[in-house]
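**Q** prediction below, plus the sequence it came from.
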Amino acid sequence: MPPTCPRSRRPAPGANANANANANADAAVAAAVHDVLVREVPFATALLDSEYASAIAALNGGGSMSKGILIGQRCAAAMLAMPGWELMRALALIQIAQFDAYVACLESKYFYGLWRPVSAIHLAGDDGNDATAPDAAWTSFDPVCPPVPDYPSGHSASGGAGDAALSAVFGGDATSFDHRSVTLPGPTRSFSSFSQMGNEIAASRIYVGYHFRLATTEGLAQGRKVAAQVLATQLAPRF
């Protein structure tokens, strides 16, 4: 299978409420459901303010954040100071990596077809798992949940591809920058590395109740693997 084929970047199967086969899997699913119930914004009793802010910052404005475009004035200024070809190459690598990550992610989503938390929690009475219980009243922070399967997370794959591409463009992961969301005026998210930004983008999808944790961690890993392949094969430096 060629390395550019989306199937070559498919993660391993993930446990989910409609894909368990034994007691260990049942327990893992129950733990994953509990994780979402505890961390999801409206129902969390121990949710940190910073987590709430990250969830909102990445909810709708996260499209721009996860694509690595709104990366703060410091990084933007550094990119604009690049020579023309170098700047165009940097922007293209970021977009190619994220586009390919989305393609690989969507192929994986529909290959596995795993429930999102909203389905798993509403239909827990029919999942054959005695360790879970249904809650028909539960909803995600934004009740209009994306109508595609849970595993892996697309935002996380995009964030992972973006942080890997940005690390390559800037010659390293450790870079301090700020991000201000278009959906949460006021608070600013501050980061000390591109990977920290990618990790927060992934975690935000748990906080809003859109994804199970495994979908976010595997999405991040998938995006970073795709980016590594893009960076190794596309748009070699001219000088």
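**A** Looks like it arrived, so ask away.

**Q** can you show me the helices along the chain?
**A** Assigned helices in the chain, in chain order: 23-39, 49-57, 62-66, 73-80, 84-112, 117-122, 154-169, 194-207, 213-233 (criterion: DSSP state H).

**Q** any idea which of the ones you listed is most buried?
**A** helix 154-169 (a mean of 29; mean count of other C-beta atoms under 10 Å). Glycine gets a C-beta too; all of them are placed from N, C-alpha and C.

**Q** dump that helix to CSV, restricted to CA.
**A** As requested, the backbone C-alpha atoms of helix 154-169 are provided in CSV (Å, rounded to 0.1, in the frame of the first residue of the first chain):
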residue,chain,number,x,y,z
GLY,A,154,-10.9,15.5,12.6
HIS,A,155,-10.1,18.6,14.6
SER,A,156,-7.3,16.6,16.4
ALA,A,157,-5.9,15.3,13.1
SER,A,158,-5.9,18.8,11.7
GLY,A,159,-4.3,20.2,14.8
GLY,A,160,-1.6,17.4,14.8
ALA,A,161,-0.8,18.0,11.1
GLY,A,162,-0.7,21.8,11.7
ASP,A,163,1.6,21.7,14.7
ALA,A,164,4.0,19.3,12.9
ALA,A,165,4.1,21.4,9.8
LEU,A,166,4.6,24.6,11.8
SER,A,167,7.4,23.0,13.8
ALA,A,168,9.1,22.2,10.5
VAL,A,169,8.5,25.6,9.0
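
**Q** what's it packed up against?
**A** Applying 3 or more C-beta pairs under 8 Å, 6 or more residues apart in numbering; DSSP states H and E, one finds that helix 154-169 contacts helix 62-66, helix 84-112, helix 194-207, helix 213-233.

**Q** can I get those helices in CSV including distance to Gly172?
**A** Shown next, in CSV, are these (distance: least, C-beta to C-beta, whole Å):
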stretch, distance to Gly172
helix 62-66, 20
helix 84-112, 14
helix 194-207, 9
helix 213-233, 14
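
**Q** just tell me which of the helices of the chain ends up closest to Cys5.
**A** Ranking the helices of the chain by proximity to Cys5 (C-beta to C-beta) places helix 84-112 first, at 8.8 Å.
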